[in-house]
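Pasting a predicted model and its sequence here:
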Amino acid sequence: MSEYLVDIRNLRLSFFTPAGEVKALNDVSIQMKQGEVLGIVGESGSGKSVTAYSLMGLVPEPGRIISGTIDFNGHRVTEMTEKQLREMRGNEISIIFQDPMTSLNPVYTIGNQIEEVILLHTTKDRKAARERALELLNLVGINEPHKRLRQYPHELSGGMRQRVMIAIALACEPKLLIADEPTTALDVTIQAQILELMNDLRKKIGMSIIMITHDLGVVASMCEKIAVMYAGKIVEYGTAEEIFYNPQHEYTKGLLMSIPKLNATEHEKLIPIEGTPVDMLMPPQGCPFAPRCNSCMKICLREMPPYTDINADHYSACWLLQKEAYESLKGGVAQ
Amino acid sequence: MSKLVEVKNLKQYFPAPGNSLFSKRYLKAVDDVSFYINKGETLGLVGESGCGKTTTGKTVIRLYEPTAGKIIYNGEDITKVNMLPYRRKMQIVFQDPYASLDPRMTVADIVGEAIDIHKLAKSKKERKERIISILERVGLNSEHANRYPHEFSGGQRQRIGIARSLAVNPEFVVCDEPVSALDVSIQAQIINMFEELQEEMGLTYLFIAHDLSVVKHISNRIGVMYLGKLVELASSYELTFHSLHPYTQSLISAIPIPDPQVSRTRQRIVLEGDVPSPLDPPSGCRFRTRCRYATKICAEQEPEFKEVDNGHFVACHHVTK
């Protein structure tokens, strides 16, 4: 059995659209230990959601896994039958989505929707399920839980709905919670509440979290490890400190320089990343970031850079790092 | 510095559903808001969804007819006048670059429409030159002129939206969440462009956004709104570092800072509960239901929006000079 809770290796996933093949994931590998919080950041279309969904065996049509393996908790997700997948989803892995309005069923009460998960995955009867539902609503900080159980989603505010989503996700005490942009649709003060809640719950229950977001601020406050994705590839991976204070990939550096900081005392000039995001139908040969990169070299346009280890917990795919490694080696030989 | 736009006691009420013949209910989207914007300045407006910031922006250029109050543009009262001559001077850039461009018009026609309405081009050739020069100014080129909006990415579409509003050489532009629909790496491009255009064309902005970091970056002064009221107004620096209103303070502390050490160690003020319904706002100070410092007076009396320091306005009973 592997020491990792999540072990994705060399995953390639493509969508076969009428317009052509879209290589959504290009050789993605992620390892995660039990209890870790991993943040996946990247722009829209960079493959961050697809990576997380594939872990639950959710690959939307017309997508197909081309190669690679996904292991979760010692089981091979890529070889599971639909029945096994269903047993795993909601039980061992749960997910909360960006928009709590569309992911709750409007014609069932909150109580119904929480109990459904419990009845499906445990041997509890209706009465015990209701008790558990109450307990969960208390856990996620919803006031008047008795009343809420009988209410419908439209009667709750956005922040409340997201709390209900979290309650549903936690119903079976999953080992892993996938949070797909959980606070993007919420206001800042409500976002703070939800992030606080997720942090508390994590300490109480000890689950792992994969946090998918484009907000670097959210990642900084929540995650221990960060994977930066660009055009279906993890371009840099490291601890939060390494990514924020010692970024190695040009894209990561660019991202950090292009966001306005609230705590800056003087007017700083933002340094944007020029150009437009890659067209995934026609990705460039070589490094996908090369067309927008300020330090682009000839080799970047031809070949995909391999990963360079910066230290035990930090790696990045950029030719510049290879060049340094190469030159230091050459220098070493000459002397 | 002279005031370009001034708003006095602006109110914008919308009739709410559930009206009966005898009792009228109103949603007070903007309730007694006053501020001014100097020439060449950027005033930021922040607040959570439903606080009335967009309604304020739209009412200032009279896309909505104000229920009460005065709008003064360049010394003239424009609350009741025919807007056509002013439309050329006051423009708006919308939030959603996907919804605000007509999918059946080419870029040239989208940008050219306003030029035609205001008869700014004497000949077809001049019209075309004007369109191309404005496209180039926003980082597009003449090749783009004959394409349709769906052929562009989000960032490029927002550039088209900006070109459209700048085509008539306006003096004042309302920017309504112009970057919130864009990817992080594209946001900086558009923000920088807003700054460059302001310098080149001497524009005055009313910049509306929910992201305080963006607003703080681009604005000279910032106003904070809560449930239709302006609760604090100060220079960007003052507001971010010496905010006085409890709502502003919690808003600032709620923003996640992209720096792991800072964001893990700093004290957060987490507000309890949700924003109350604007149909039925609390009595007195509207923030009192979520405020840590609320006392009896807050429920009884509405706090006055007063100047407590040079240019620093606050509406709170508990802030004194």
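Structure received.

helix, strand or coil for the residue in the stretch 1-150 of chain B that chain A sits nearest to?
For the stretch 1-150 of chain B and chain A, the shortest gap (Cβ to the nearest Cβ) falls at B:Glu48, measuring 3.9 Å. Just so you know, the C-beta spots here come from the backbone N, C-alpha and C atoms, and that holds for glycine as well. Under DSSP: H, G, I helix; E, B strand; the rest coil, B:Glu48 falls in the coil class.

Name the residues of the host helix or strand of B:Glu199 that are buried.
Assessed by DSSP states H and E, B:Glu199 sits inside helix B:184-201. Neighbour-count burial for helix B:184-201 flags B:184-195, B:197-198 (criterion: 16 or more other Cβ atoms under 10 Å in any protein chain shown).

Low-confidence stretches in chain B?
Along chain B, the model assigns pLDDT under 70 to residues B:18-22, B:321.

Which parts of it are helices?
For chain B, applying DSSP state H gives helices covering B:53-60, B:84-87, B:107-117, B:124-137, B:154-166, B:184-201, B:212-218, B:236-241, B:246-254, B:260-265, B:296-300.

Give me the residues contacting the second one.
Taking Cβ atoms under 8 Å, 6 or more residues apart in numbering or on different chains as the criterion, the residues outside helix B:84-87 that touch it are B:73, B:78, B:117-118, B:168.

in that helix, what's buried?
So helix B:84-87, judged by 16+ other Cβ under 10 Å, has buried residues B:86-87.

Show me which helix runs longest in chain A.
If you go by DSSP H, chain A has its longest helix at helix A:188-205.

Please state the offset of that one from the chain centre?
The chain centroid and the centroid of helix A:188-205 are separated by 16 Å under Cα atoms, centre = their mean, to the nearest Å.

what are the C-alpha coordinates of it, in CSV please?
Taking Å, rounded to 0.1, in the frame of the first residue of the first chain, the C-alpha atoms of helix A:188-205 are listed here in CSV:
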residue,chain,number,x,y,z
VAL,A,188,-15.7,38.6,1.3
THR,A,189,-17.1,38.7,4.8
ILE,A,190,-19.0,35.4,4.1
GLN,A,191,-15.9,34.0,2.5
ALA,A,192,-14.0,34.6,5.7
GLN,A,193,-16.6,32.7,7.6
ILE,A,194,-16.5,29.7,5.3
LEU,A,195,-12.7,29.6,5.3
GLU,A,196,-12.6,29.8,9.0
LEU,A,197,-15.2,27.0,9.2
MET,A,198,-13.2,24.8,6.8
ASN,A,199,-10.0,25.3,8.9
ASP,A,200,-11.8,24.4,12.1
LEU,A,201,-13.4,21.3,10.7
ARG,A,202,-10.1,20.2,9.3
LYS,A,203,-8.5,20.3,12.7
LYS,A,204,-11.5,18.6,14.3
ILE,A,205,-12.0,15.8,11.8
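
Tell me what angle it forms with helix B:246-254.
With axes from the mean of the first three to the mean of the last three Cα atoms, to 10 degrees as the basis, helix A:188-205 and helix B:246-254 are set at 50 degrees to each other.

Please list all residues in contact with A:Glu181.
A:97-98, A:212-214.

Next, count neighbours for the residue of the stretch 1-150 of chain B closest to chain A.
Using other Cβ atoms under 10 Å in any protein chain shown, B:Glu48 has 20 neighbouring residues.

can you pull the contacts of A:Leu120?
By Cβ under 8 Å, 6+ apart, the contact list for A:Leu120 reads A:Gly90.

got the CA coordinates for the helix or strand hosting it in CSV?
Per DSSP H and E, A:Leu120 falls inside helix A:110-121. Provided in CSV are the C-alpha atoms of helix A:110-121 (Å, rounded to 0.1, in the frame of the first residue of the first chain):
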residue,chain,number,x,y,z
ILE,A,110,-32.2,20.6,3.4
GLY,A,111,-32.9,17.8,5.9
ASN,A,112,-33.8,15.4,3.1
GLN,A,113,-30.6,16.1,1.2
ILE,A,114,-28.3,15.6,4.1
GLU,A,115,-30.1,12.4,5.2
GLU,A,116,-30.0,11.0,1.7
VAL,A,117,-26.2,10.7,1.9
ILE,A,118,-26.3,9.2,5.4
LEU,A,119,-28.9,6.6,4.4
LEU,A,120,-27.1,5.7,1.3
HIS,A,121,-23.7,5.1,2.8
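
Tell me the buried residues in it?
Buried residues in helix A:110-121, counting neighbours by 16+ other Cβ under 10 Å, are found at A:110-111, A:113-119, A:121.

go on, stretch A:147-163?
Buried residues in stretch A:147-163 (16+ other Cβ under 10 Å): A:148-149, A:153, A:156-163.

any residues touching it, and which ones?
With Cβ under 8 Å, 6+ apart as the test, stretch A:147-163 has contacts from A:96, A:100-101, A:104-111, A:114, A:130, A:133-134, A:137, A:140-142, A:164, A:182-183, A:185-187, A:190, A:193-194, A:197, B:274.

For it, give the mean pLDDT please.
Across stretch A:147-163, pLDDT averages out at 90.

Span of that stretch from start to end?
One end of stretch A:147-163 sits 15 Å from the other (Cα to Cα, to the nearest Å).

hmm, back to that, near chain B, anything from the longest helix of chain A?
Yes. Judged by Cβ under 8 Å from any Cβ of the partner chain, helix A:188-205 comes into contact with chain B at A:188-193, A:195-196.

residues near the nearest residue to A:Cys287 once chain neighbours are set aside, how many?
Spatial nearest neighbour of A:Cys287, chain neighbours left out: A:Cys300 (4.6 Å); criterion: Cβ to Cβ, 6 or more residues apart in numbering or on different chains. When neighbours are defined as other Cβ under 10 Å, A:Cys300 has 23 of them.
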